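Enquirer: 3D, please:
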Amino acid sequence: MLIAFSVAPSGVGTASAENADGSVHDAVAAAVAVVRASGLPHRTTSMFTEIEGEWDEVFDVVKRATDAVMPYGSRVSLVLKADIRPGRTGEIDGKIERLERAIDDAS
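Expert: Numbering: from 1, shown residues only. Below you'll find the model as predicted:
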């Protein structure tokens, strides 16, 4: 299973949620630290973090990452997308590799 998620605080929390420019990078860093510590295959881009694993383990990481953001706001927004393909592993890279091959073949 692949999960792409984005988590961000809003409102006032006990930790500093926003810099003067509206950035929430400290809160996002707290969430990404949880993902990295999980040991699951993952990738973070400018807008989402992807994780690959079994249902219970990826949702546990998403919950803990969301909990890590809670101190930065009075509420948290979570956006999540899942690709559930039983029996498949290595898709975090495999999907990209197949896409690149298709692009190369089309050129």
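Enquirer: burial of R88, as a residue count?
Expert: R88 has 13 neighbours, counted by other Cβ atoms under 10 Å. C-beta: built from backbone N, CA, C; applies to glycine.
Enquirer: and what of E50?
Expert: When neighbours are defined as other Cβ under 10 Å, E50 has 21 of them.
Enquirer: next one: the one 3 residues further on
Expert: By the other Cβ under 10 Å criterion, the neighbourhood of G53 contains 20 residues.
Enquirer: now the residue nearest to it when sequence neighbours are not counted: how far from A82?
Expert: Nearest non-adjacent residue to G53, counting by Cβ to Cβ, 6 or more residues apart in numbering: L40, 4.5 Å away. According to Cβ to Cβ, to the nearest Å, L40 stands 14 Å off from A82.
Enquirer: pick out whichever of these two has more residues nearby.
Expert: The neighbour comparison of L40 against A82 (other Cβ under 10 Å) goes to L40, with 18 against 14.
Enquirer: how about the more buried one, what does it touch?
Expert: 51-53, 57-58, 61 (Cβ atoms under 8 Å, 6 or more residues apart in numbering).
Enquirer: now, those that are in strands?
Expert: Here DSSP state E is the test, and the contacts of L40 give 51-52 as lying in strands.
Enquirer: mind checking which of the contacts of L40 are buried?
Expert: By neighbour count, with 16 or more other Cβ atoms under 10 Å, those hold 51-53, 58, 61 as buried.
Enquirer: am I right that S77 is in contact with A8?
Expert: Yes - the criterion here is Cβ atoms under 8 Å, and S77 meets it with A8 at 5.3 Å.
Enquirer: tell me which of the two has more neighbours.
Expert: Neighbours of S77 and A8, each counted by other Cβ under 10 Å, are more numerous for A8; the result is 18 against 12.
Enquirer: secondary structure class of that one, three-state.
Expert: strand (DSSP: H, G, I helix; E, B strand; the rest coil).
Enquirer: was I right about it contacting M70?
Expert: No - the criterion here is Cβ under 8 Å, and A8 misses it with M70 at 11.4 Å.
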